[in-house]
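K.L.:
What follows is a predicted protein model with its sequence.
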Amino acid sequence: MSTYLRCNDVKSSSYEEKEVTLRGWIHRIRKQKEIAFVLLRDDRGGVIQFTIPSTKAIDLTIESCIQITGNVRKDARAPEGGYEIRGKDLKIFGIARADYPIGEYQSEDLLLDYRHLAVRTRRLSTIAKIRASVLKFSRQWFIENDWLEINAPVIVKDAVEGGSSLFEIKYFDRIAFLSQSAQLYLEAMVFALGPVWSITESFRAERSRTVRHLAEFTHLEAEAPWMYQEDIMKVQENLVSFIVQNTLSNNSADFEFLDRNAKELGSIGPPFERISYGKAVDILRSKDFTLIGENGTRRNIEWGDDLNIESEREITKDCTKPLFVSEFPIDTKPFYVREDPNKPGISLSTDLLAPRGFGEISSGSERETDVESIKSRIVKQSLDPKTYGWYLDLRRYGSVPHSGFGLGIERLVRWILGMEDIKDVVLFPRTMSRVTP
């Protein structure tokens, strides 16, 4: 296969007056009497202008797929970097219909309806490149620190985060569910492989219409034996800092294009600040923060209330670095979270909140090792103990102290890019109201 240059490759003095061949799609076109001015977009979102006699551009339309050959010329008037191509030969691979549905200004709903075409926009393709870097540097951190990547099933019989948010599917002649988390399988693998991690799609049937909830999301999860709460917190802060700093360095031009002020991100590094759940409640009460009660009235937050999106926003709106919240009431956490043996009723768990009001991006804990405690809490949380027999075997046969966490990639990218809505950082979002395209 021939190697073709991309638009940004030729924007340098080393290509000036040299003949090059580029492939891509027509981003913008302006036809004059003698000359057509065309912006070509390549398959990595780079753009360069080329000129060509209007007689050769009669059939060209927005999003037509073409190949252009010509000489690179430096011209300060040229958009997108001061270089353009004086076209000689034009090859057409595919002419786009003239009624391309996405214009310069469109509603959010239309852009979601035509997401399969909207992903070509420079904004979404730039976000996709940054997201790819986040995934790349996630994997790089684990490789460099000797964690092994595994794959877990997404068709399961058991809940991890509560039965009310399971997606039910027909599995031959039985009922199964889409996985909420790979965690239980990662726990099984620490006995065989030590520190393990995975990136999988997780599914939550939560009836939430917020700017940070998706029905399907990309889930980075990790588990390790002989790690305790402090150990797994250090893993999270080192991992997140590594991802942020390397993505900033690798994608500086993309951050600039999105007009994301990355100055504050540049200072992200361990250690992250830490407060207790009790301290968080005190902070909220001192600010007269209220929750909506069951009858629709407002009430003050109380001990035992879980932290929701509004309370997390209030706690972190003035923070400049991520914040750990620990020592949650055990009743607010899933059955697998270990209770602090020195503080009855308190869990050995943490939530990592992104600064500037972006809220929770990861949640971690020590895992409970006592079989009877796990069984009791499975029943208390209205789950079926029969489906967890295999999981309980992990404690019956050589249980080991271990800890882990799960991090939402979309939430991490949303914070890194300062995006208001999580749907902006995933290519094809799945929500309560959207399952296409």
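P.N.:
Thanks, I have it. Small disclaimer: the values here were computed from a predicted structure and weren't measured. Residues are numbered from 1 along each chain as shown.
K.L.:
Okay, now the unreliable bits of this protein?
P.N.:
1-3 (pLDDT under 70).
K.L.:
What segments of it are helices?
P.N.:
108-113, 115-118, 122-144, 183-193, 229-250, 252-257, 277-286, 309-316, 371-380, 389-396, 409-417 (DSSP state H).
K.L.:
Could you report the neighbour count for Phe167?
P.N.:
By the criterion of other C-beta atoms under 10 Å, Phe167 has 14 neighbours. The C-beta positions use only the backbone N, C-alpha and C, and glycine is treated the same way.
K.L.:
Please apply the same query to Glu16.
P.N.:
13.
K.L.:
How about Gly296?
P.N.:
6.
K.L.:
right, and Gln245 touches Ser267 too?
P.N.:
No: Gln245 lies out of contact with Ser267 (C-beta atoms under 8 Å); the separation is 9.8 Å.
K.L.:
Would you mind telling me which of those two has the busier surroundings?
P.N.:
Between Gln245 and Ser267, counted using other C-beta under 10 Å, the more crowded position is Gln245 (16 against 10).
K.L.:
how close does the nearest residue to that one once chain neighbours are set aside sit to Thr247?
P.N.:
In this structure, Gln245 finds its nearest non-sequential neighbour in Ile268, 6.9 Å apart by C-beta to C-beta, 6 or more residues apart in numbering. Distance of Ile268 to Thr247, given as C-beta to C-beta, to the nearest Å: 11 Å.
K.L.:
of these two, who's got more company?
P.N.:
Using other C-beta under 10 Å as the criterion, Ile268 and Thr247 rank with Thr247 on top: 28 against 22.
K.L.:
ok, the more buried one - contacts?
P.N.:
Residues in contact with Thr247 (C-beta atoms under 8 Å, 6 or more residues apart in numbering) are Ile130, Ser133, Val134, Phe137, Ile416.
K.L.:
State the distance from the residue nearest to Gln245 to Cys319.
P.N.:
Separation of Ile268 from Cys319 (C-beta to C-beta): 11 Å.
K.L.:
and if you look at Leu117?
P.N.:
38 Å.
K.L.:
ditto for His116
P.N.:
38 Å.
K.L.:
So between these two, which is more surrounded?
P.N.:
Taking other C-beta under 10 Å, His116 and Cys319 do not tie; Cys319 has more neighbours (16 against 11).
K.L.:
Enumerate every residue touching the more buried one.
P.N.:
Here Cys319 is in contact with Glu273, Leu353, Pro355, Arg356 (C-beta under 8 Å, 6+ apart).
K.L.:
can you redo those residues as TSV with distance to Asp173 and neighbour count?
P.N.:
Below are the contacts of Cys319 laid out as TSV (distance: C-beta to C-beta, whole Å; neighbours: other C-beta atoms under 10 Å):
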residue	distance to Asp173	neighbour count
Glu273	52	14
Leu353	44	26
Pro355	50	20
Arg356	50	15
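K.L.:
Quick one: residues contacting the nearest residue to Phe142 once chain neighbours are set aside.
P.N.:
Once flanking residues are discounted, Phe142 sits nearest to Trp197: 5.1 Å by C-beta to C-beta, 6+ apart. Trp197 sits next to Phe142, Trp147, Leu148, Glu149, Ile150, Leu186, Leu220, Glu221, Ala222, Glu223 when contact means C-beta under 8 Å, 6+ apart.
K.L.:
ok, and the most crowded of these?
P.N.:
Neighbour max across the contacts of Trp197 (other C-beta under 10 Å) = Glu223, 30 neighbours.
K.L.:
Measure how buried the closest residue to that residue other than its chain neighbours is and give me the count.
P.N.:
With C-beta to C-beta, 6+ apart as the criterion, Glu223 has its nearest non-adjacent residue at 3.6 Å, and that residue is Gly404. As a burial measure, Gly404 scores 26 neighbours (other C-beta under 10 Å).
K.L.:
Same question for Tyr228.
P.N.:
Neighbours around Tyr228, by other C-beta under 10 Å: 13.
K.L.:
wait, doesn't it sit right on Gly404?
P.N.:
No: counting by C-beta under 8 Å, Tyr228 sits too far from Gly404 to count as a contact (11.5 Å).
K.L.:
Give me the domain ranges for the protein.
P.N.:
7-94, 115-425 (automatic domain parsing).
K.L.:
Now render these as JSON lines, adding distance to Asp109.
P.N.:
Formatted as JSON lines, the domains of the chain follow (distance: least, C-beta to C-beta, whole Å):
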{"stretch": "domain 7-94", "distance to Asp109": "21"}
{"stretch": "domain 115-425", "distance to Asp109": "11"}
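K.L.:
nearest to Gly103, of those?
P.N.:
domain 7-94 (8.9 Å; C-beta to C-beta).
K.L.:
Might you report the residue contacts of the residue nearest to Glu339 when sequence neighbours are not counted?
P.N.:
Nearest-residue entry for Glu339: Ile330, 4.9 Å, with adjacent residues in sequence omitted and distances by C-beta to C-beta, 6+ apart. Taking C-beta under 8 Å, 6+ apart as the criterion, Ile330 is in contact with Val337, Glu339, Gly345, Ile346, Ser347.
K.L.:
Buried subset of those residues as a PyMOL selection?
P.N.:
To isolate the buried ones among the contacts of Ile330 in PyMOL, judged by 16 or more other C-beta atoms under 10 Å, type:
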select buried, resi 337+339+346+347
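K.L.:
Grab the two from the contacts of Ile330 that are most spread out in space.
P.N.:
Val337 and Gly345 (12.3 Å).
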